[in-house]
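Enquirer: no letters, just coordinates:
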């Protein structure tokens with residue numbers, strides 16, 4: 001049962017607003033575009049695991065997406081957390097295309113992609129999910145919940161991901177690094193290996209309630225992150241027909257002098273952009 005569904009990332013909404021209004025010559029526009037694509041890929045990857053997880057019995061497994069918690073020293077974010085009376089599962093979801101090699105000695109993941117076999121290094125997801133496991137254990141202790149077993153999983157959600165592990169790595173990580181299609185098979189098998197029941201139904205309810213209450217979404221200044229000044233932002237109200245920021249208020253509607261389009265509710269989109277870029281305080285700055 002999904003008790004905290006996936007939501008469209010707030011960071012993606014911020015980036016969409018920024019990309020729609022930043023001047024084309026800004027030096028960080030490539031980085032902004034790149035980060036936006038990564039945000040979308042992450043969201044789609046997490047969303048893709050919902051289907052295989054739907055085969056789990058609703059009454060036994062409780063699924064929470066995107067939980068961001070404070071462990072006493074650092075914030076940590078779990079893509080998917082699954083609770084069962086016997087144990088918990090942390091899913092670190094990766095939506096990456098290409099041949100993926102795991103260097104467990106130097107703790108990195110190497111992607112080889114394209115006809116030119118271009119190589120690209122990524123952080124070790126096994127190291128990452130193990131760290132999340134330790135942080136969640138610390139959080140449970142701090143919040144006075146039982147020290148339950150936690151099983152870490154690195155889940156590749158893209159069917160075009162080709163996992164390359166050595167025979168030794170396969171034996172070591174066969175229940176740690178998987179494709180999403182294996183989730184409905186693996187999770188019941190893992191459940192049978194954990195004994196006995198450590199969480200009552202009432203404790204699970206309290207834990208879910210506490211996780212939701214303690215969840216702290218990241219809400220950072222996107223302009224500061226990408227070194228964007230207010231002068232780099234195109235102000236005004238955008239015309240949905242010609243895409244120019246020339247809309248003017250005329251009596252009961254908005255009017256574009258460029259393409260002559262008229263609209264009544266166009267200001268709403270401008271206010272949304274303002275909120276994602278500048279924060280909660282609404283002023284006349286965009287108009």
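Expert: Yes, it's here. On a predicted model such as this, the values are computed, not experimentally measured, just so you know. Numbering: from 1, shown residues only.
Enquirer: please make it C-alpha for all contacts and neighbour counts, starting now.
Expert: OK.
Enquirer: please compute how far stretch 127-142 lies from its chain's middle.
Expert: 18 Å (CA atoms, centre = their mean, to the nearest Å).
Enquirer: what average pLDDT does that stretch get?
Expert: Throughout stretch 127-142, pLDDT has a mean value of 97.
Enquirer: can you tell me the SS state at residue 109?
Expert: strand (DSSP: H, G, I helix; E, B strand; the rest coil).
Enquirer: burial check on the nearest residue to residue 141 once chain neighbours are set aside, number of neighbours?
Expert: The shortest distance from residue 141 to any non-neighbouring residue, by CA to CA, 6 or more residues apart in numbering, is to residue 147 (6.7 Å). Here the number of neighbours of residue 147 (other CA atoms under 10 Å) works out to 15.
Enquirer: which SSE is residue 147 in?
Expert: Counting by DSSP states H and E, no helix or strand carries residue 147.
Enquirer: in contact with it, which residues?
Expert: 137, 140-141 (CA atoms under 8 Å, 6 or more residues apart in numbering).
Enquirer: inside helices: which ones of those?
Expert: Among those, DSSP state H puts 137, 140-141 in helices.
Enquirer: ok so, going back, got the phi/psi numbers for the residue nearest to residue 141?
Expert: As for residue 147, its main-chain torsions (degrees, to the nearest 10) stand at phi -80, psi 80.
Enquirer: could you measure it against residue 4, distance?
Expert: For residue 147, the distance to residue 4 equals 22 Å [CA to CA, to the nearest Å].
Enquirer: and residue 115, what's its pLDDT?
Expert: The model's pLDDT for residue 115 equals 78.
Enquirer: how about residue 287?
Expert: pLDDT, residue 287: 46.
Enquirer: tell me the domain ranges of the protein?
Expert: Residue ranges for each domain of the chain read 2-214, 235-278, as given by automatic domain parsing.
Enquirer: a markdown table please, covering the ones you listed and showing distance to residue 225.
Expert: Below are the domains of the chain laid out as a markdown table (distance: least, CA to CA, whole Å):
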| stretch | distance to residue 225 |
| --- | --- |
| domain 2-214 | 10 |
| domain 235-278 | 11 |
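Enquirer: mean pLDDT lowest where, among these?
Expert: Among these, domain 235-278 scores lowest, with a mean of 83.
Enquirer: can you give me the end-to-end distance of that domain?
Expert: 12 Å.
Enquirer: likewise for stretch 233-253?
Expert: Termini of stretch 233-253 sit 25 Å apart (CA to CA).
Enquirer: residues making contact with that stretch?
Expert: So stretch 233-253 is in contact with 18, 21-23, 254-259, 261-267, 270, 285-287, going by CA under 8 Å, 6+ apart.
Enquirer: now with 6 Å, please.
Expert: Applying CA atoms under 6 Å, 6 or more residues apart in numbering, the external contacts of stretch 233-253 come out as 21-22, 254-256, 263-264, 270, 286-287.
Enquirer: if any of those are buried, give me the PyMOL selection for them.
Expert: The buried residues among the contacts of stretch 233-253 can be selected in PyMOL (16 or more other CA atoms under 10 Å) with this line:
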select buried, resi 21+22+254+255+256+263+270+286
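Enquirer: now, the contacts of stretch 233-253 that are in helices?
Expert: Of the contacts of stretch 233-253, the ones assigned to helices by DSSP H are 21, 270.
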